[in-house]
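1. I'd like to go over a predicted model; first the sequence, then the structure.
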Amino acid sequence: MSSAAATSLSEEDGKLYRIGEVSRVADLKPFVLRYWESEFPMLQPVKCSRGHRLYRQEDVDLVLKIKRLLYDEGFTIAGARRHLRDLENGGATETGGVDLVAFNTLEAVTPQLNRKLLLDLRDSLRSFLTLLEGK
């Protein structure tokens with residue numbers, strides 16, 4: 001990619017990250033990120049003329065969200081893909097699709113909400129770390 005093209009991409013889309021940087025931030029192997037691209041249509045990093053993947057910040061955030069769904073919340077790939085699609089369409093909630101009406105007491109809901117809050121906080125902190133490392 002020419003420096004002029006890289007500059008225009010950076011100005012349009014903000015900071016762009018190579019697959020190695022995203023791999024380190026998310027603590028995943030690059031082949032996992034490439035596989036997820038084939039499984040999650042909403043994960044589409046920009047490819048430069050040389051074929052290098054360039055991830056925007058929203059791609060990095062999505063990778064961290066996918067990792068949380070798969071590794072922390074126990075979703076299958078199909079379930080995580082469906083959950084993310086529902087989120088895009090406004091059908092699911094960020095609490096992992098938990099039906100709050102199904103619980104009889106607040107005590108049953110509180111641990112899941114606390115876990116979600118902590119996971120969201122962790123993802124946000126990782127995003128900030130990514131931004132800081134780029135400076």
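-> Nice, I can see it.

2. pLDDT of stretch 49-67, averaged?
-> Averaged across stretch 49-67, pLDDT comes to 92.

3. relative to the whole chain's centre, how far out is it?
-> 8 Å (CA atoms, centre = their mean, to the nearest Å).

4. mind giving me the packing neighbours of the host helix or strand of S38?
-> S38 belongs to helix 30-39 when assigned by DSSP states H and E. Using 3 or more CB pairs under 8 Å, 6 or more residues apart in numbering; DSSP states H and E, the elements in contact with helix 30-39 are helix 19-26, strand 53-55, helix 57-67. Where you see a C-beta, it was placed from the backbone N, CA and C, and this is true even at glycine.

5. residues contacting the most centrally placed residue in the chain?
-> The chain has L62 as the residue nearest its centroid, 1.8 Å off, counting by CA atoms, centre = their mean. By CB atoms under 8 Å, 6 or more residues apart in numbering, L62 lies in contact with F40, M42, L43, L84.

6. ok, now with 6 Å
-> Neighbouring residues of L62 by CB atoms under 6 Å, 6 or more residues apart in numbering: L43.

7. where along this protein do the strands fall?
-> Remark: strands assigned in the chain by DSSP state E are 17-18, 46-47, 53-55.

8. grab the nearest non-local neighbour of T76.
-> Residue nearest to T76 in three dimensions, not counting chain neighbours: L70, with 8.0 Å by CB to CB, 6 or more residues apart in numbering.

9. just the pLDDT for the one you found.
-> 92.

10. cool, and S2?
-> Listed pLDDT for S2 reads 42.

11. what does P111 give?
-> Listed pLDDT for P111 reads 59.

12. what about L132, neighbour count?
-> 8 (other CB atoms under 10 Å).
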